[in-house]
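In: Build me a model from this:
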Amino acid sequence: MFRWLGVAAALGLLFPATARTAAARDLVPRVYQEEFHLRADRDFQLPGWRDMDSGTAALLVEAGCRALRTDCSPDAAGQDSSDRFLKRLIHSDDYRGTAWLTRVRGGSYYARFVAPSGYSACRAGVYWKGGLVHGGVRLAGSIERSGLDGVAVYANLDPSADGVAEFRLLILYVAKAELASHGCWPDQTLLFLCRDGICQPSRAYPETDLR
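Out: Have a look, this model is predicted:
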């Protein structure tokens, strides 16, 4: 009897770990089409993902996914495939986008593209070509896995200079337990920095610049 109790206890220890591993496998990588629009005049000009022709958007996404070294083709299948996702747009005065505004203080805006439940931000890229950043705007983005896991953005908007910061981006999210196996970039990786109308992609990971 005691022998069977020992076997049962061993199985009880094994099955939860197996379940967690299986659950992580079910969380296939996802590439989200994200966007950020911030304008002092509230006259948003850069077309969002939903505003674009579907064929043009698909070509942009496929090229961006290749640059980020992931597969998000419509017919991709299996554990290493990715699906395309669009999040609900958030509107707040002079902001529109798929990032949550976590704090606004004067002309300073703090936002976060939040990872889906069970996922973590892995890699990200910005389509600077066609984007709009000018009017004295200072802008920075980085991978942040503490708190709300995702990509954090800071923007300083000067209303007197008709500041503008509008761009589209792709973010690859993977299961939290599989960051290492997907070669994800480190926590707090600086993805981009914009000052005086000039945007610089990450020096360590130049693929953040999706053109």
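In: Could you pull up the contacting residues of the closest residue to Gly197 other than its chain neighbours?
Out: By the measure of Cβ to Cβ, 6 or more residues apart in numbering, the closest residue to Gly197 outside its immediate chain neighbours is His134, 4.6 Å from it. Every C-beta, even on glycine, is put in place using the N, C-alpha and C of the backbone. Counting by Cβ atoms under 8 Å, 6 or more residues apart in numbering, His134 makes contact with Gly163, Val164, Gly197.
In: Mind jotting down where the helices sit in the protein?
Out: 2-26, 54-67 (DSSP state H).
In: quick revisit: put the buried members of the contacts of His134 into a ChimeraX selection.
Out: Those of the contacts of His134 that count as buried under 16 or more other Cβ atoms under 10 Å are selected in ChimeraX with:
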select :163,164
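In: Flag whichever of the helices of the chain has the least confidence on average.
Out: Mean pLDDT is lowest for helix 2-26 among these, at a mean of 44.
In: The lengthiest strand in the chain - what's its average pLDDT?
Out: The residue-count maximum for a strand in the chain (DSSP state E) belongs to strand 119-134. The average pLDDT within strand 119-134 is 93.
In: Which positions in that strand come out as buried?
Out: Quick answer for strand 119-134 (16+ other Cβ under 10 Å): 119-128, 131-133.
In: go on, stretch 198-211?
Out: Those buried within stretch 198-211 under the rule 16+ other Cβ under 10 Å are Cys199, Pro201, Ser202, Tyr205, Glu207, Thr208, Asp209, Leu210.
In: Then stretch 157-174?
Out: Quick answer for stretch 157-174 (16+ other Cβ under 10 Å): 157, 163-174.
In: repeat for stretch 58-74
Out: Leu60, Val61, Gly64, Cys65, Ala67, Leu68, Thr70, Asp71, Cys72.
In: Mind picking the two most distant members of those residues?
Out: The span of these, defined through Cβ to Cβ, is set by Leu60 and Asp71 at 15.7 Å.
In: Burial check on Leu27, number of neighbours?
Out: 19 (other Cβ atoms under 10 Å).
In: mind listing what it touches?
Out: Gly118, Tyr119, Val174, Ala175, Glu178.
In: Mind listing residues that contact stretch 95-104?
Out: Contacts for stretch 95-104 (Cβ under 8 Å, 6+ apart): 32, 34-38, 44, 48, 86-90, 92, 109-114, 148, 151, 153.
In: ends of that stretch, how far apart?
Out: Using Cα to Cα, to the nearest Å, one end of stretch 95-104 lies 11 Å from the other.
In: Pull the distance from it to the chain's centre.
Out: For stretch 95-104, the separation from the chain centroid amounts to 13 Å (computed by Cα atoms, centre = their mean, to the nearest Å).
In: same check, this time on stretch 31-44
Out: 14 Å.
In: try stretch 168-179
Out: Here the centre of stretch 168-179 is set off from its chain's centre by 7 Å, with Cα atoms, centre = their mean.
In: picking up where we left off before, compute the inter-axis angle for the longest strand of the chain and helix 54-67.
Out: Put simply, strand 119-134 runs at 120 degrees to helix 54-67, going by axes from the mean of the first three to the mean of the last three Cα atoms, to 10 degrees.
In: i'd like the first residue to be 420 from this point on
Out: Okay, using 420 as the starting number, the last item reads as strand 538-553.
In: just for this structure, where's the confidence low?
Out: For the chain, the stretches with pLDDT under 70 are 420-444, 492-502.
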